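Student: Have a look at this prediction, sequence included:
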Amino acid sequence: MNIKGKLIYEGKAKKIFAHEDLDKVIIEFKDDATAFNAAKKAKFEGKGILNCSISTSIFKYLIENKIPTHFLERIDEKSIIAQKIEIIPIEVVLRNTAYGSICKQTTFLPGTVLKDPLIDFYLKNDSLNDPLLTRDRISLMGILKFEELKYLEDLTFLINKLLKEYFLNLKLDLIDFKLEFGWNKNKEIVLADEFSPDNCRLWDMKAKNVKMKSLDKDRFRNDLGGLINAYSEINKRINHFNSST
């Protein structure tokens, strides 16, 4: 039986608790939703359970495909056990289709399929509003060495390839996603945090109208409604696909 120890950290969407094994932590998914650097907040009953379920399935799929992650096991509806890691203070965003902030910063129109997947780096710092980083700035700040950054890029491109194929089987289009990485006790870089509709955009390829296309946190950001229904639909398709393979 895994009993949660003291609360180590509470973020916008998750709580991290101590584990009896000092090299592990227990991560509990919350029902809270935030947007625009937490300027907009709400609570949705059942969201934590759905994100835990979706993240568990995605992490297991990535591990099966040799992607190193912090995930170890799911222990209850809302919680997983993960390796205790030191988070790298960079958010890695991969875009397959232009949407959101990139359309405000460039001449790309929303919905433009990019010729090649694009990776952007952002400093993980709420007080600075997570600014866009260049590779030179990452090097000057001493966050990562060149070869470590290259490894993150290559790993992100591989994750994108795997997940685009995976979601295609679910009739979902992976528009973009945000990843976080960290160093484990062996100083290995592993995928961390979560993979859920909170940190990616998934568009329903079966949707009959534009308003129903988004099955991710944009339903909350853009006041579209139906966030729990959207997350439930993704979880249902994942479970159906997993049971049929």
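Tutor: All right, it came through fine.
Student: Let's see the pLDDT reported for the most centrally placed residue in the chain.
Tutor: Centroid-nearest residue in the chain, with C-alpha atoms, centre = their mean: residue 195, separated by 3.5 Å. Here the pLDDT value assigned to residue 195 is 98.
Student: What distance do you get for it to residue 7?
Tutor: 23 Å (C-beta to C-beta, to the nearest Å). (C-beta placed from N, C-alpha, C; glycine too.)
Student: Which residues are in contact with the residue nearest to the centre of the chain?
Tutor: By C-beta atoms under 8 Å, 6 or more residues apart in numbering, the contact set of residue 195 is 54-55, 58-59, 62, 163, 177, 179.
Student: Ok, residue 153 next?
Tutor: Counting by C-beta under 8 Å, 6+ apart, residue 153 touches residue 119.
Student: want to try CSV for the contacts of residue 195, with secondary structure, neighbour count and distance to residue 12 as columns?
Tutor: Formatted as CSV, the contacts of residue 195 follow (DSSP: H, G, I helix; E, B strand; the rest coil; neighbours: other C-beta atoms under 10 Å; distance: C-beta to C-beta, whole Å):
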residue, secondary structure, neighbour count, distance to residue 12
54, helix, 23, 17
55, helix, 23, 15
58, helix, 24, 19
59, helix, 22, 20
62, helix, 20, 23
163, helix, 23, 23
177, strand, 22, 17
179, strand, 22, 16
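Student: out of those, who's nearest residue 238?
Tutor: residue 54 (6.3 Å; C-beta to C-beta).
Student: Roughly how far does the closest one sit from residue 186?
Tutor: Applying C-beta to C-beta to residue 54 and residue 186 gives a distance of 28 Å.
Student: Would you check that residue 82 makes contact with residue 27?
Tutor: Yes: look at residue 82 against residue 27 with C-beta atoms under 8 Å: they come within range, at 5.5 Å.
Student: Tell me how many other residues crowd residue 162.
Tutor: 17 (other C-beta atoms under 10 Å).
Student: Any idea how far the helix or strand hosting it is from the middle of the chain?
Tutor: Assessed by DSSP states H and E, residue 162 sits inside helix 146-169. Offset of helix 146-169 from its chain centre (C-alpha atoms, centre = their mean, to the nearest Å): 13 Å.
Student: Buried residues, that helix. List them.
Tutor: 149, 152, 155-156, 159-160, 162-163, 166-167 (16 or more other C-beta atoms under 10 Å).
Student: what pLDDT does residue 103 get?
Tutor: Note on residue 103: pLDDT of 96.
Student: what sits up against the strand or helix carrying it?
Tutor: In the assignment (DSSP H and E), residue 103 maps to helix 101-105. Residues from elsewhere that reach helix 101-105 (C-beta under 8 Å, 6+ apart): 95, 108-110, 118, 120, 132.
Student: same check, this time on stretch 9-21
Tutor: Contacts of stretch 9-21 with the rest of the structure, by C-beta under 8 Å, 6+ apart, involve 2-8, 25-30, 32-34, 38, 51, 81, 84, 194, 198.
Student: same for the biggest strand by length in the chain, what does it pack against?
Tutor: Secondary structure assigned by DSSP state E gives strand 113-123 as the longest strand of the chain. Judged by 3 or more C-beta pairs under 8 Å, 6 or more residues apart in numbering; DSSP states H and E, strand 113-123 is in contact with strand 90-97, strand 132-133, helix 146-169.
Student: any idea how far residue 224 is from residue 138?
Tutor: 35 Å.
Student: In terms of neighbours, single out the busier of these two.
Tutor: Neighbours were counted for residue 224 and for residue 138 using other C-beta under 10 Å; residue 138 has more, 21 against 14.
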